[in-house]
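K.L.:
How does the following fold in three dimensions:
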Amino acid sequence: MFKILLVCALAALVAANENAEVKELVNEVNPDGFKTVVSLSDGSASQASGDVHGNIDGVFEWVSPEGVHVRVAYKADENGYQPSSDLLPVAPPIPEAILKSLAWIEAHPSKE
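P.N.:
Next up is the predicted model:
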């Protein structure tokens, strides 16, 4: 199933950039995991590697229509999909009053 999704993602990347030429294309599937690399002449690229346990590390990048270089690195494992990028929104810090309330609740558990 994952191979089908990977092929679809690669096809979508190439189709979205129909004027771009493929500079590098690597698809290795081994008994202990896989490695895939796609690099296009317009600066779009995708790299991923995974192991037999379903853990995947990867990165994809492109240049937006505004000229901004977008890069997203990710890890997918037992903790789910974990993207990281300077362009992703960040949650605000937890207010001090909430932190104090959580500490009080932890120190005074329910009797049930």
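
K.L.:
Check this protein and tell me which residue is nearest its centre.
P.N.:
Tyr74 (3.0 Å; Cα atoms, centre = their mean).

K.L.:
for stretch 103-112, how far is the first residue from the last?
P.N.:
Distance across stretch 103-112, first residue to last, is 18 Å (Cα to Cα, to the nearest Å).

K.L.:
if we can go back for a sec, could you report the neighbour count for the closest residue to the residue nearest to the centre of the chain other than its chain neighbours?
P.N.:
The shortest distance from Tyr74 to any non-neighbouring residue, by Cβ to Cβ, 6 or more residues apart in numbering, is to Pro83 (4.5 Å). C-beta here means a position set from N, CA and C on the backbone, and glycine is covered the same way. For Pro83, the neighbour count with other Cβ atoms under 10 Å is 13.

K.L.:
OK, contacts around Pro83?
P.N.:
Counting by Cβ atoms under 8 Å, 6 or more residues apart in numbering, Pro83 touches Val72, Ala73, Tyr74.

K.L.:
returning to that earlier point: can you name the residues in contact with the helix or strand containing the residue nearest to the centre of the chain?
P.N.:
Using DSSP states H and E, Tyr74 sits in strand 69-77. Residues outside strand 69-77 that contact it (Cβ under 8 Å, 6+ apart): 43, 53-64, 81-88.
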